[in-house]
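Novice: sequence and predicted structure are below.
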Amino acid sequence: MAVLYGEQGTLLNAGTTLAPGMYNGTVRVLNEEITLASQGTADTIVIGTLPKGAIPLFGVMNNSATLGSSTVAIGITGTTGKYRAAAVKTTTTPEIFGVTAGIGDALTADEVVFITIAVAALPASGTLRVMLYYAFN
């Protein structure tokens, strides 16, 4: 039976120094709570800045009221759906998100992460919490 390794294990076994955070990295979080107040489709809501070298892992979004027909994307300038593609969220249960292209690799520059609202305004009341987890040393 063969013993196989993934990309990081192969690099470690070859004596390669891994990028900070790729192995035994410290998990950190951008944790933002937004008071819902009919924010419109022309608005964006900043969640925070991921630092250069951070390795995005996944996000959690939770809301106290249904977001109705509003679609919400989470991303950066030029790639507004980098971390969560635009979609509705009509339940009030936590949602784990992470678009494959946006997670697992170290960032080459700081990224300001924000919510883009489309189709319809957000509700007039309630809260929306977004937590974006990342590894960083």
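Specialist: Great, that's in hand. Numbers count the residues shown, from 1 in each chain.
Novice: bridging across strands, which residues link to T26?
Specialist: F136 (DSSP bridges).
Novice: so it makes contact with A135?
Specialist: Yes. Using C-beta atoms under 8 Å, T26 is in contact with A135, at 6.7 Å. Placement of C-beta: from N, CA and C, glycine included.
Novice: of the two, who's got more company?
Specialist: A135 (21 against 10; other C-beta atoms under 10 Å).
Novice: distance of that one from A106?
Specialist: According to C-beta to C-beta, to the nearest Å, A135 stands 9 Å off from A106.
Novice: what residues are up against A135?
Specialist: By C-beta atoms under 8 Å, 6 or more residues apart in numbering, the contact set of A135 is G21, M22, G25, T26, V27, R28, A54, I55, L57.
Novice: let's see it at 7 Å
Specialist: Contacts for A135 were tallied using C-beta atoms under 7 Å, 6 or more residues apart in numbering; they are G21, G25, T26, V27, I55, L57.
Novice: nearest residue to the last one other than its sequence neighbours?
Specialist: In this structure, L57 finds its nearest non-sequential neighbour in Y133, 4.6 Å apart by C-beta to C-beta, 6 or more residues apart in numbering.
Novice: cool, and the first one?
Specialist: If you skip the residues right next to it in sequence, G21 has A135 as its closest partner in space, 3.9 Å away by C-beta to C-beta, 6+ apart.
Novice: right, I'll leave it there.
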